[in-house]
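Chemist: okay, predicted coordinates and the sequence, questions at the end:
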Amino acid sequence: MLVATEYEDPTADLVITELNRRRVPVLRFDPGRDFPDSCVLTARLSPDGWGGQLHVGERTADPGSIRSLYHRRPSTYTPNRDDQAARFIAQENRRGLGGILSSLPGCLYLSHPQAIARAEYKPAQLAVAIREGLSVPTTLITSDPAEAKSFVSEQPTIYKPMHAGAYDIDREPAGIWASSVDPGKVDDAVRHCAHLFQAQVPKVFNVRAVVVGERIFCARITSPPGVIDWRAEYRNLTYEPIQCPDDMRRTLVRFLAHFGLNFGAFDFAVTTDERWWFLECNANGQWAWLEDAAGLPITTAIADLLENGENNA
């Protein structure tokens, strides 16, 4: 079994510890950082698919015998210097080792890296959510300042980025949280890129639903009054487990199946009428803190799926 993630990943550590307890052989590495310095690949194609050897330090795995791969949060394949040769090497590594890891015969992926990449596009998520019958706030994606101002003037509105990339303020890492939009502050800067605006849902609490295969674990997240994005108030949140409605369970499983995913961390806003409003799905979202905070056995579910290649609901 392979676990592909960055060097310091306490979430992956939980799963690896559980797999070690079960005596399941695990090889952990960071493809984008380890290859080719401390990782050597030899892969040969046969009618049965790719086989050969993947050496990481003193450990070796046969790509043709890998039963499952936990694609957690590995580093990207990046050049180690700014020149044409280094950029070429990085791209060859991504397509070479990355291509092998994406085409392992008989391997269960949690989840497949290409499926994760497809699911990262929020416009695609929202379209699938609507198709599957989920409630989705009225949404506008635009680079037109006039359209943005008109939309924001029609109802209470929030803005949120479509990608949670790295962002620094005064050389310190920061997050761009969902926030309310003042119509008077919508200006010509909207022209610089696509912006996502949504009608603000009058929520009473949030739900994070973590789906592992077909097993679903939900936590109610209650934040202080007036807080739009609960991620900005971690120290002031309360958690409790909550049941997922049966029709919602089926919908979430279908949603993941559309993208070919075996994992998803869904975020919902819940209103007084108990209506769950879909906000987004993170195909590789965080979940470890919820295990203790809400008593959700997510580590066990992930280990079950990786070990057995099936759901043990």
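Modeler: That came through, no problem.
Chemist: burial measure for the closest residue to residue 33 other than its chain neighbours, as a count.
Modeler: In space, residue 33 comes closest to residue 75 once its chain neighbours are excluded; the distance is 4.6 Å by C-beta to C-beta, 6 or more residues apart in numbering. (Each C-beta comes from the backbone N, C-alpha and C, glycine too.) Using other C-beta atoms under 10 Å, residue 75 is surrounded by 14 other residues.
Chemist: in contact with residue 121, which residues?
Modeler: residue 162 (C-beta atoms under 8 Å, 6 or more residues apart in numbering).
Chemist: okay, the residue nearest to residue 33: pLDDT?
Modeler: Model confidence at residue 75, expressed as pLDDT, equals 93.
Chemist: that one: what secondary structure?
Modeler: With DSSP: H, G, I helix; E, B strand; the rest coil as the basis, the three-state label of residue 75 is coil.
Chemist: pull the contacting residues for it.
Modeler: The neighbours of residue 75, taking C-beta under 8 Å, 6+ apart as the test, are 6, 30, 31, 32, 33.
Chemist: may I have the phi/psi pair for it?
Modeler: In this entry, residue 75 is assigned phi and psi values of phi -70, psi 160 (degrees, to the nearest 10).
Chemist: and the gap between it and residue 63?
Modeler: According to C-beta to C-beta, to the nearest Å, residue 75 stands 20 Å off from residue 63.
Chemist: go on, residue 53?
Modeler: Residue 53 sits 8 Å away from residue 63 when distances are taken as C-beta to C-beta.
Chemist: neighbour count: the two, which is higher?
Modeler: For residue 53 against residue 63, the residue with the higher neighbour count under other C-beta under 10 Å is residue 63, and the figures read 23 against 14.
Chemist: that one against residue 55, yeah?
Modeler: No - judged on C-beta atoms under 8 Å, residue 63 makes no contact with residue 55 at a distance of 11.5 Å.
Chemist: my read: residue 52 touches residue 60, true?
Modeler: No - judged on C-beta under 8 Å, residue 52 makes no contact with residue 60 at a distance of 10.1 Å.
Chemist: which of these two has more residues huddled nearby?
Modeler: When residue 52 is set against residue 60 and neighbours are counted by other C-beta under 10 Å, the residue ahead is residue 52, at 15 against 11.
Chemist: per-residue pLDDT, the residue nearest to residue 103 when sequence neighbours are not counted?
Modeler: What sits nearest to residue 103 in space, not counting adjacent residues and going by C-beta to C-beta, 6+ apart, is residue 50, at 6.2 Å. Looking at residue 50, its pLDDT reads 92.
Chemist: starting at the chain centroid, how far to the host helix or strand of residue 50?
Modeler: In this assignment (DSSP states H and E), residue 50 forms part of strand 49-56. In terms of C-alpha atoms, centre = their mean, to the nearest Å, the centre of strand 49-56 is found 27 Å from the chain centre.
Chemist: stretch 195-205 too?
Modeler: Between the mean C-alpha position of stretch 195-205 and that of its chain there is a distance of 21 Å (C-alpha atoms, centre = their mean).
Chemist: quick one: find the helix or strand in the chain with the lowest mean pLDDT.
Modeler: Among the helices and strands of the chain, strand 172-173 carries the lowest confidence by mean pLDDT, DSSP states H and E, at a mean of 68.
Chemist: any idea which helix or strand comes after that one?
Modeler: Next along the chain after strand 172-173, with elements defined by DSSP H and E, is strand 179-180.
Chemist: and that following strand, what does it pack onto?
Modeler: strand 157-159 (3 or more C-beta pairs under 8 Å, 6 or more residues apart in numbering; DSSP states H and E).
Chemist: can you name the element that comes right after the strand it packs on?
Modeler: Taking DSSP H and E as the definition, the helix or strand right after strand 157-159 is strand 168-169.
Chemist: what strands line up against that next one, and which way round?
Modeler: Here strand 168-169 has these sheet partners by DSSP bridges: strand 172-173 (antiparallel).
Chemist: so where do the strands sit in the stretch 1-150 of the chain?
Modeler: Here the stretch 1-150 of the chain has its strands, by DSSP state E, counting those that start in this stretch, at 2-4, 27-29, 39-46, 49-56, 59-61, 68-71, 108-110, 139-142.
Chemist: got a list of contacts for the fourth one?
Modeler: By that I understand strand 49-56. Taking contacts as C-beta under 8 Å, 6+ apart, the residues outside strand 49-56 that touch it are 27, 29, 34, 38-44, 60-65, 100, 103-106.
Chemist: any chance of TSV for the strands of the stretch 1-150 of the chain, columns distance to residue 163?
Modeler: Output for the strands of the stretch 1-150 of the chain, formatted as TSV (distance: least, C-beta to C-beta, whole Å):
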stretch	distance to residue 163
strand 2-4	21
strand 27-29	26
strand 39-46	28
strand 49-56	30
strand 59-61	32
strand 68-71	18
strand 108-110	22
strand 139-142	13
